[in-house]
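Novice: no sequence on hand, only this structure:
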């Protein structure tokens with residue numbers, strides 16, 4: 001049967017000897033098609049091949065489904081190389097071929113780059129083993145003096161950890177150690193043996209200096225790791241967290257963009273502060289005074305008066321948080337998402353949509369493979385990291401309770417002495433978080449919402465609740481017992497805004513507020529929005545102890561570098 005009649009699978013094999021080409025050609029279920037390397041050439045029968053030092057790449061067509069024994073023999077002899085392609089049920093399935101080659105390292109085209117973890121040599125010096133770090137994990141690279149150029153071999157002897165190398169030619173040993181089973185964070189986990197390769201060509205891209213600080217990540221506390229943050233970020237766990245931070249932001253933008261939001265960039269230098277708030281950073285500004293913005297809420301509100309109905313902003317926020325001295329949840333600079341949207345009927349439009357956004361983002365991280373793989377890396381490196389539970393109610397929404405119900409639950413079910421006239425403390429939020437995770441009747445969820453906060457613990461522009469005097473149309477989203485998001489309906493009528501400002505000792509006629517108040521003078525639609533700490537959301541999602549782990553270069557009371 002001709003190859004084109006069965007739409008065969010195509011694979012590429014690496015071979016190291018001419019005799020192996022003969023063996024391939026003799027297999028009745030393989031047709032050699034063409035070669036992919038470009039070094040000095042040779043020929044074998046009707047097949048032209050290209051030999052790169054000790055290795056050639058051969059494109060093969062599988063004419064029909066081979067037997068399992070045939071596959072096993074091929075797998076033991078050759079290194080498979082992507083891409084795979086299957087076009088019909090007649091060809092070998094991709095899943096089955098992948099399963100047959102789980103132990104084989106798949107290189108990128110042209111090889112791969114890696115950092116040197118350690119250098120091991122033999123006595124007498126005939127072999128060097130490099131322990132290499134890649135984005136996917138650790139690899140042992142065996143290099144024999146007889147199989148590599150003299151100049152490269154001489155440089156290998158003095159190679160320091162953290163040097164960057166490019167592996168261009170290599171093969172994989174046929175045997176693999178039996179994987180071991182262990183338990184990580186309460187889950188069964190298979191510990192795969194460190195893959196090994198035999199290297200026949202490499203390039204040293206950048207040599208690290210020998211005087212770098214000793215950096216065994218497992219022996220250092222977070223402060224020491226942050227002092228050497230660049231080295232710390234080369235660790236697979238730390239790097240995976242930052243990639244998940246990027247993924248979280250991309251998912252946020254994906255959701256908001258598909259729901260009619262426009263991405264704006266609000267300024268972070270402002271001319272005034274809210275009376276009584278001491279957590280602003282003062283900024284001398286060309287002989288005058290300015291401050292760094294805590295959020296973009298006021299600017300986002302003003303933009304709605306221009307008839308842009310839905311906007312969002314992702315960027316830095318600055319707060320003079322003294323708690324960042326010791327707290328694992330506070331920073332002086334962090335990434336903040338701010339949204340604002342016009343309401344058609346009621347406050348729950350913004351609350352429902354923002355809840356949907358959070359669920360979309362968290363499920364996206366859990367369900368998309370590229371993020372699942374990163375989560376697994378984090379869980380393998382951080383003892384506290386664990387799977388996140390998203391328990392939704394009968395309507396498919398994040399579970400909600402009112403502020404009053406939260407206080408009742410704290411008193412009656414959790415034994416707290418607390419009053420409705422007090423804001424929720426961090427200890428109370430943490431207790432509620434544990435209660436929601438452990439209680440079947442609450443959904444055993446790591447995320448829930450507290451609705452209808454009292455007016456005394458909300459900003460001046462929060463809309464009062466029409467059904468509960470003294471309370472507001474506002475909410476907090478709690479993740480693993482920590483508040484990560486605050487949202488509300490905002491006051492939109494000019495007279496009501498002026499009255500609310502005056503009640504907080506703010507002058508609505510003051511020059512510093514003329515632009516903000518002017519937006520309401522010219523007619524502002526009913527609206528609402530939220531502020532969400534991206535770093536804190538990621539911290540809670542992964543189950544990390546400290547929000548600094550989710551921040552590229554953290555800023556707190558003690559740290560302004562790197």
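Specialist: Thanks, I have it. Since the structure is predicted, the reported quantities are computational estimates derived from the model, not experimental observations. Numbers count the residues shown, from 1 in each chain.
Novice: just for the chain, where's the confidence low?
Specialist: Across the chain, the stretches falling below the confidence threshold (pLDDT under 70) are 1-110, 173-192.
Novice: looking at it, which helix is longest?
Specialist: If each helix of the chain is counted by residues according to DSSP state H, the longest one is helix 236-258.
Novice: and it, what does it pack against?
Specialist: Secondary structure elements in contact with helix 236-258, counted by 3 or more Cβ pairs under 8 Å, 6 or more residues apart in numbering; DSSP states H and E, are helix 229-233, strand 262-263, strand 310-318, strand 333-342, helix 348-367, helix 369-381, helix 534-542. All C-beta spots, glycine's among them, are computed from the backbone N, C-alpha and C.
Novice: go with 6 Å
Specialist: helix 348-367, helix 369-381 (3 or more Cβ pairs under 6 Å, 6 or more residues apart in numbering; DSSP states H and E).
Novice: distance from it to the middle of the chain?
Specialist: When distances are taken as Cα atoms, centre = their mean, to the nearest Å, helix 236-258 is centred 5 Å away from the chain's centroid.
Novice: and for stretch 262-282?
Specialist: Here the centre of stretch 262-282 is set off from its chain's centre by 28 Å, with Cα atoms, centre = their mean.
Novice: one more: stretch 387-395?
Specialist: 21 Å.
Novice: what's next to that stretch, contact-wise?
Specialist: Residues from elsewhere that reach stretch 387-395 (Cβ atoms under 6 Å, 6 or more residues apart in numbering): 362, 399, 443, 444, 445, 446, 541.
Novice: go again with 7 Å.
Specialist: 359, 362, 363, 398, 399, 437, 443, 444, 445, 446, 447, 541 (Cβ atoms under 7 Å, 6 or more residues apart in numbering).
Novice: spit out the contact partners of the first one.
Specialist: It refers to residue 359. Applying Cβ under 7 Å, 6+ apart, the residues contacting residue 359 are 390, 398.
Novice: how close does it sit to residue 439?
Specialist: Spatial separation of residue 359 from residue 439 under the definition Cβ to Cβ, to the nearest Å is 20 Å.
Novice: quick check: bridge partners of the nearest residue to residue 263 once chain neighbours are set aside?
Specialist: Once flanking residues are discounted, residue 263 sits nearest to residue 312: 6.1 Å by Cβ to Cβ, 6 or more residues apart in numbering. Beta bridges link residue 312 to residue 263, residue 339 when assigned by DSSP bridges.
Novice: how many neighbours does residue 312 have?
Specialist: Neighbourhood size, residue 312 [other Cβ atoms under 10 Å]: 25.
Novice: quick check: the gap between it and residue 388.
Specialist: With distances defined as Cβ to Cβ, the gap from residue 312 to residue 388 amounts to 23 Å.
Novice: residues in contact with stretch 486-496: which ones?
Specialist: 301, 343, 347, 350-351, 354, 458, 461-463, 472-476, 497, 500, 520-521, 524-531.
Novice: just stretch 234-244 next, same as before
Specialist: Contact with stretch 234-244 is made by 115, 133, 137, 217, 232-233, 365, 371, 374, 377-378, 381-382, 538, 549-550, 552, as judged by Cβ under 7 Å, 6+ apart.
Novice: let's go with 8 Å and repeat that
Specialist: Contact partners of stretch 234-244, identified using Cβ atoms under 8 Å, 6 or more residues apart in numbering, comprise 115, 133, 135, 137, 162, 217, 225, 232-233, 365, 371, 374-375, 377-378, 380-382, 538, 542, 544, 549-550, 552.
Novice: now do that stretch: distance to the chain's middle.
Specialist: Using Cα atoms, centre = their mean, the mean C-alpha position of stretch 234-244 is found 8 Å from that of the whole chain.
Novice: give me the buried subset of the contacts of stretch 234-244.
Specialist: Members of the contacts of stretch 234-244 that pass the buried threshold by neighbour count (16 or more other Cβ atoms under 10 Å) are listed as 115, 133, 162, 217, 225, 232, 365, 371, 374-375, 377-378, 380-382, 538, 542, 544, 549-550.
Novice: and the helices in the stretch 401-550 of the chain?
Specialist: Taking DSSP state H, counting those that start in this stretch, the helices of the stretch 401-550 of the chain run over residues 403-412, 426-438, 494-503, 514-521, 534-542.
Novice: report the buried residues of the second one.
Specialist: Meaning helix 426-438. Within helix 426-438, judged by 16+ other Cβ under 10 Å, the buried ones are 428, 429, 431, 432, 433, 435, 436, 437.
Novice: who's in contact with the fourth one?
Specialist: If I follow you right, that is residue 432. For residue 432, the contacting residues are 406, 409, 410, 414, 424, 448, 450, 478, 481, taking Cβ under 8 Å, 6+ apart as the criterion.
Novice: what's the neighbour count on the last one?
Specialist: By that I understand residue 481. Residue 481 is surrounded by 20 other residues when neighbours are defined as other Cβ under 10 Å.
Novice: ok, and the closest non-adjacent residue to it?
Specialist: For residue 481, the closest residue by Cβ to Cβ, 6+ apart turns out to be residue 433, at 2.4 Å.
Novice: distance of the residue nearest to residue 263 relative to residue 473?
Specialist: Per Cβ to Cβ, residue 312 is found 20 Å from residue 473.
Novice: okay if I get the contacts of stretch 387-395 as CSV plus distance to residue 319?
Specialist: Converted to CSV, the contacts of stretch 387-395 look like this (distance: Cβ to Cβ, whole Å):
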residue, distance to residue 319
359, 27
362, 25
363, 30
398, 26
399, 29
437, 28
443, 32
444, 33
445, 29
446, 25
447, 24
541, 22
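Novice: quick one, which of these are buried?
Specialist: Neighbour counting with 16+ other Cβ under 10 Å marks 359, 362, 398, 437, 443, 445, 446, 447, 541 as buried within these.
Novice: residues contacting the last one?
Specialist: Shown here is residue 541, whose contacts under the criterion Cβ under 8 Å, 6+ apart are 248, 362, 365, 388, 479.
Novice: which of these lies closest to residue 264?
Specialist: Taking Cβ to Cβ as the measure, residue 264 sits nearest to residue 248 out of those, at 19.5 Å.
Novice: that closest one touches residue 535, doesn't it?
Specialist: No. Under the criterion of Cβ atoms under 8 Å, residue 248 makes no contact with residue 535, lying 9.5 Å away.
Novice: okay, and the common contacts of these two?
Specialist: For the pair residue 248 and residue 535, no residue contacts each of them under the criterion Cβ under 8 Å, 6+ apart.
Novice: can you give the domain ranges for the protein?
Specialist: Structurally, the chain divides into domains by automatic domain parsing as follows: 3-100, 112-212, 236-550.
Novice: re earlier: just give me the closest of the buried ones among the contacts of stretch 387-395 to residue 558.
Specialist: Proximity of the buried ones among the contacts of stretch 387-395 to residue 558 (Cβ to Cβ) peaks at residue 541, which lies at 26.0 Å.
Novice: distance of the closest one from residue 245?
Specialist: 10 Å.
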